[in-house]
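J.: Quick one: sequence and predicted model below, then my questions.
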Amino acid sequence: MMNISDVEPKNIIVEDLPTKSANEADTSTRCASCGIAEVDDIKLVPCDDCNLLKYCSDECQKQHKSHHEETCKERKAELRDEILFMQPESSHFGDCPICCLPLSIDPKKSALLSCCTKQICGGCALVNQNREIEGKLQRKCAFCRKYSPRTDEVNNEQFMKRIEANDPVAMCYMGGKKYIEGDFKSAFEYWTKATELGSVQAHYQLSIMYQLGQGVEIDKKKQVYHLEQAAIAGHAAARFNLGCMERDNRHAARAAKHFIIAAKLGCDESLESVKDLYKAGYVSKDDVAAALRGHQAAVDATKSPMRDEAAKLAIHPH
């Protein structure tokens, strides 16, 4: 029989569990400025920008600003980039509310309905049109089934009703109408209100106004802000523009990230830009392959037999 003492002991690797340093522990339970501990009657509030440190009052946060400002800016930028370079699940157009297939980022393949401000694809418009012709039915909206005459006057009246109901889509549309008419002040007002109500397209339009100085002073910071807001929400053109800006500023790595994300949303121009960066040595072959697969998947997801038929017949749901 073998004794326990005869068995050669084996080395056992024990990994130490991560522990907080004294300073890290203090910052999570004590005010970073005065050091007061968090107790029942004292609540610590984290820094809004970086969430790294906590303070017991606004006064303490102001006093500690000079010590924390640089670290805070760095962490704030990191957090912003985490959000900015996250791949959106879909483009800002979303799905057609009738067939539930993703809408193409090509605006010619879908259009806005003035009565209900829904964006539907050409395929669903074609099905509705054929049904009305075959049944000799009155022309109605394919989605909400309201009577929809082909007159600009009625369309404008319907859009204004939606605007009165604080519809951001209608506000964005009216902003575009005013912009085309050269009324930049009204366009800016409509688009600003639309962004406050959640319009992604309005963010993109405002970025153009700040870029060109139309109705507002040229402001690069505001231009980038609105581009980023639109890009985060899946606006492929806004993402492409950000990529171009980073490329022109010789930030190839950041430009590549923007172009790859937009390519995976189905943006042809971004896919070509990824290829150009590959030729210049800034993008790997694997990144190009991923962009190609993502681009093809996004394009294929928007296809259907009726949409293809509508494209051949140039059918648009106006």
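T.: That came through fine. Numbering: from 1, shown residues only.

J.: I'd like the next helix or strand past the helix or strand bottoming out on mean pLDDT in the chain.
T.: Scoring the helices and strands of the chain by mean pLDDT, DSSP states H and E places helix 22-29 at the bottom, with a mean of 57. For helix 22-29, the following helix or strand on the C-terminal side (DSSP states H and E) is strand 45-46.

J.: Partner strands of that following strand and their direction?
T.: strand 54-55 (antiparallel) (DSSP bridges).

J.: if you average pLDDT over the strand it pairs with, what comes out?
T.: Averaging pLDDT along strand 54-55 gives 90.

J.: which other residues reach that strand?
T.: 27-28, 30-33, 38, 44-47, 61, 64 (CB atoms under 8 Å, 6 or more residues apart in numbering). Using the backbone N, CA and C atoms, a C-beta is placed for each residue, glycine as well.

J.: And these, which is closest to residue 274?
T.: Top of the list for closeness to residue 274, among the contacts of strand 54-55 and by CB to CB, is residue 47 at 36.9 Å.

J.: Just give the nearest non-adjacent residue to that closest one, would you?
T.: In space, and not counting its chain neighbours, residue 47 is closest to residue 53: 5.2 Å by CB to CB, 6 or more residues apart in numbering.

J.: I'd like to know how far the one you found sits from residue 42.
T.: 16 Å (CB to CB, to the nearest Å).

J.: Settle it for me: which of those two has more neighbours?
T.: Neighbours of residue 53 and residue 42, each counted by other CB atoms under 10 Å, are more numerous for residue 53; the result is 21 against 12.

J.: residue contacts, the more buried one?
T.: 27, 32, 46, 47, 64, 68.

J.: from these, which two are the most distant?
T.: 46 and 64 (12.9 Å).

J.: Who has more neighbours out of those two?
T.: Just comparing residue 46 and residue 64: by other CB under 10 Å the higher neighbour count belongs to residue 64, 18 against 14.

J.: Low-confidence regions, the stretch 201-318 of the chain specifically.
T.: 315-318 (pLDDT under 70).

J.: swap in the stretch 51-200 of the chain?
T.: Looking at the stretch 51-200 of the chain by pLDDT under 70, you get 149.

J.: in it, which spans are helices?
T.: For the stretch 51-200 of the chain, helices defined by DSSP state H, counting those that start in this stretch occupy the ranges 58-63, 65-84, 122-135, 152-164, 168-180, 184-196, 200-212.

J.: who wins for proximity to residue 90 among these?
T.: helix 200-212 (11.6 Å).

J.: Show me how far that closest one is from its chain's centre.
T.: Averaging C-alpha positions (CA atoms, centre = their mean, to the nearest Å) puts helix 200-212 14 Å from its chain's average.

J.: Over to stretch 104-116?
T.: For stretch 104-116, the distance to the chain centre is 19 Å (CA atoms, centre = their mean).

J.: Compute the first-to-last residue distance for it.
T.: 20 Å (CA to CA, to the nearest Å).

J.: try stretch 143-159
T.: 16 Å.

J.: and the gap between the residue most central in space within the chain and residue 239?
T.: Nearest to the geometric centre of the chain sits residue 233, at 1.6 Å (CA atoms, centre = their mean). Here residue 233 is placed at a distance of 10 Å from residue 239 (CB to CB).

J.: do the same with residue 36
T.: Taking CB to CB, one finds residue 36 at 45 Å from residue 239.

J.: do residue 97 as well
T.: Separation of residue 97 from residue 239 (CB to CB): 24 Å.

J.: For PyMOL, what selects the buried ones among the contacts of strand 54-55?
T.: Command for PyMOL that selects the buried part of those, burial taken from 16 or more other CB atoms under 10 Å:
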select buried, resi 27+30+31+32+33+44+47+61+64
